[in-house]
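Asker: what follows is a predicted protein model with its sequence.
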Amino acid sequence: MKKDIILAGVGGQGIISIASVIGYAALQEKMFLKQSEVHGMAQRGGDVMSNLRISHQDIASDLIPFGQADLIISVEPLESLRYLGYLSPTQGWLVTNTTPFDNIPKYPDIEKVIAEITKLPRHIALDADKLAKEAGAAKSANMVILGAASPFLGLAFEKFEDAIRFIFRTKEESVIARNLDALRLGREFADKYI
Amino acid sequence: MKIFLFLLRYNHNTIMVNKLLLLGDEAIALGALDAGLSGIYAYPGTPSTEITEYVQNSKAAKEKNIHCSWSTNEKTAMEAALGMSYAGKRAMVCMKHVGLNVAADPFINSAITGANGGLIVVSADDPSMHSSQNEQDSRFYGKFAMVPILEPSNQQEAYDMVRYGFDFSEKYMVPVLLRITTRMAHSRSGVVRSAGREQNALHLPSDLRQFVLLPAIAKKRYSKLIETHQHFTEESENSPFNTYHDGPDKSMGILVAGIALNYLMENFPDRNIPFPVLKIGQYPMPRKLVEKLESECNELLIVEDGYPMIEELIRGYIPGPKKIRGRLDGTIPRTGELNPNILAVALGLPDTTGLPVPDLMVGRPPQLCAGCPHIDSYKALNEVLEGLPKGRVFSDIGCYTLGALQPYEAINSCVDMGASITMAKGAADAGFVPSVAVIGDSTFTHSGITGLLDAVNDKSPVTVIILDNATTAMTGGQDSAGAGRIEDICKAVGVEEAHIRVMRPLKKYHDENVTIMREELDYQGVSVIIPRRECIVSVDKRMRIKFKQKQ
């Protein structure tokens, strides 16, 4: 099994946390992993993306070739479209938040952005911010998104729950529970959506 | 059999079982700690910053009392590392590629003095300029200084090369350059550790004149370096990091350096490359292996991230009969970072494309954070300069460089660390008044103080605005060398006390700040304005820690 994943968002939205959870789950399955991150200047409210590759075979490139990503996971709708050049046109899925992060002067009409997303044959679009609030974890929209992406990652759902328990192990029980709720709400949404 | 060995090495490097998942930067830091490092010296700079931070956060490093605090700039870092090497201990100095320009004087001369304790210089290049003003290739510096260069192709090699580099440095008494790129620095992969080893004991060079570069001694040392350089080539020919893979199809031979190997391998899912491949991880170039590749293949493809350094070397000035392909003939783009698709095209394999990005897409450039003190400073400055012809604000390297973008469009230059003050002075000398410099507190102590002294000595009519947010913000909030002493430094340099003005960059003081700036712009001498307010990200971080401690 091999999954090439593009993680997208705006600097500070927590895409590295998503990568950590998937990465931990993959390592428990004795998979190979390469993850290319963005540090430095781009983090100041600019667009950020990360290449995450997990595989049972060895991985060569740190970068995913164009047109070969299995999945784009985005915590922001406009950003989900920025990296379509990486997505496999025949089997790639796009999973994105629909709540815009508007910190630029000419953010496009959000209706049109959503229309571009929903016209893709394989997509999940969800208001992760709203679902996260429902879970009482307003800051865990990224975990909702991860839950919605979990059917496409080739790993059992419990693996992600285990990973969250491990990664947040120093936090309070209630924080872990809220993040697990967020993950589950995302998954339930995706299961209904597909 | 050879193919098998080549693949085995490659696979060995990526198996995940029992491995630590490390950034290239972290692998280098851990490699240094495990290889008996005594001190790391650096000024923060993307993509090199995490090397030093890893040591700073290491409990083991703290217990062993390993030096790891930030230096004022790359030159002081390089010199301190050389001093530690003189004293017989292993030292590492880390910087981004343009930092090596700042450290070039001690770096080049350290090749002449030679090392005593193992000395590794890490320079992190930034092809495609993700966070830099150019994409210069540090390998030229290594060649220039005539020191060996190591260039890892993955995180495991990055880890292993540090120990190898220290050993090499001590064997030949020469500093070693470790060259990485952004992708290596900031990509995470599995690393297996080697057994740790002790630090060196203090021991001085056997010849106490080794480091005295008086012409008579320097001449001898330089001859010795040239003599030893032949051994560097022999070492390269036998290096575990330079490997020759013999493929059956001799129509093309591939010479591939560092991380470019990964993009090549990506195009062969079974990892079985039909062509002979020479993989370079150690310089000077392994002449015998290059000659073997050249003699056996009809043409050569040269793949390297950065400038076409190897390609220029192989091509020479007078073209030979052999066809050589690479960045210089357009097979590979002349600039920018490599990727698997560029390799596919170069190899004549089918390229792959994804879906088109919709036309509504707009850019999302980085920007100053909400609540950033620089915003208030720029608002005041823009108001003061309103009505004057535009183009009179020289700026520098830091978060505040983002003031060049909308909505501020407040600055007109960003060249190198410290250039704001000196360029403003030069423009003022030319009669361009008022002339304004904008520089951060950390950049000021890095390279701005000497320029300010020039301005004071010439009584140049410049207004220097030192944005004091008490941190090195752009790289993630590292310590600022002159924190709390900026006015004292300016006074000591000779700026008149009456023209050192501190202000609070907050909306409620806007009018007051505009008045201060106006008064100092009118002054026909050197004035310094210090808008002082802590970086909003630092405040946030501090508050979170405080909150945690309270809980």
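Answerer: Now that the structure is in, tell me what you want to look at.
Asker: isn't residue B:133 right next to residue B:416, touching?
Answerer: Yes - taking contacts as CB atoms under 8 Å, residue B:133 lies within contact range of residue B:416: 7.4 Å. C-beta coordinates here come from the backbone N, C-alpha and C atoms, glycine included.
Asker: hey, what's in contact with both of these two?
Answerer: B:98, B:397 (CB atoms under 8 Å, 6 or more residues apart in numbering or on different chains).
Asker: ok so residue B:124 is a strand residue?
Answerer: Yes - under DSSP: H, G, I helix; E, B strand; the rest coil, residue B:124 falls within a strand.
Asker: coming back round to it: neighbour count winner among residue B:133 and residue B:416?
Answerer: residue B:416 (17 against 13; other CB atoms under 10 Å in any protein chain shown).
Asker: just list the residues touching the more buried one, thanks.
Answerer: Here residue B:416 is in contact with B:98, B:101, B:133, B:397, B:447 (criterion: CB under 8 Å, 6+ apart).
Asker: how close does residue B:241 get to chain A?
Answerer: According to CB to the nearest CB, to the nearest Å, residue B:241 and chain A sit 17 Å apart.
Asker: I'd guess that residue is in a helix, am I close?
Answerer: No - per three-state DSSP, residue B:241 lies outside any helix segment and is coil.
Asker: what sits up against the helix ranked longest in chain B?
Answerer: Counting residues, the longest helix found in chain B (DSSP state H) is helix B:215-237. Here helix B:215-237 makes contact (CB under 8 Å, 6+ apart) with B:111-114, B:146, B:148, B:168, B:172, B:174, B:209-210, B:213, B:242, B:282-289.
Asker: chain center to it, what's the gap?
Answerer: 26 Å (CA atoms, centre = their mean, to the nearest Å).
Asker: quick one: buried residues of that helix?
Answerer: Buried residues in helix B:215-237, counted by 16 or more other CB atoms under 10 Å in any protein chain shown: B:217, B:221, B:225, B:229, B:232, B:235, B:236, B:237.
Asker: can you tell me how far the most centrally placed residue in chain A sits from chain B?
Answerer: Geometric centre of chain A, nearest residue: residue A:73, 3.3 Å, by CA atoms, centre = their mean. Separation of residue A:73 from chain B (CB to the nearest CB): 15 Å.
Asker: tell me the SS of that residue?
Answerer: Relying on three-state DSSP, one would call residue A:73 strand.
Asker: for the one 5 residues further on, same thing?
Answerer: The assignment at residue A:78 comes out as helix when based on three-state DSSP.
Asker: residues in contact with residue 140?
Answerer: All of this refers to chain A. Residue A:140 sits next to A:132, A:178, A:179, A:182 when contact means CB under 8 Å, 6+ apart.
Asker: wait, chain B was what I had in mind.
Answerer: Applying CB under 8 Å, 6+ apart, we find residue B:140 in contact with B:307, B:309.
Asker: run through the helices of chain A in chain order.
Answerer: In chain A, the helices defined using DSSP H lie at A:15-28, A:77-82, A:110-118, A:128-134, A:141-149, A:157-167, A:173-193.
Asker: check the stretch 451-551 of chain B too.
Answerer: Per DSSP state H, counting those that start in this stretch, the stretch 451-551 of chain B carries helices over the ranges B:486-493, B:510-522, B:536-550.
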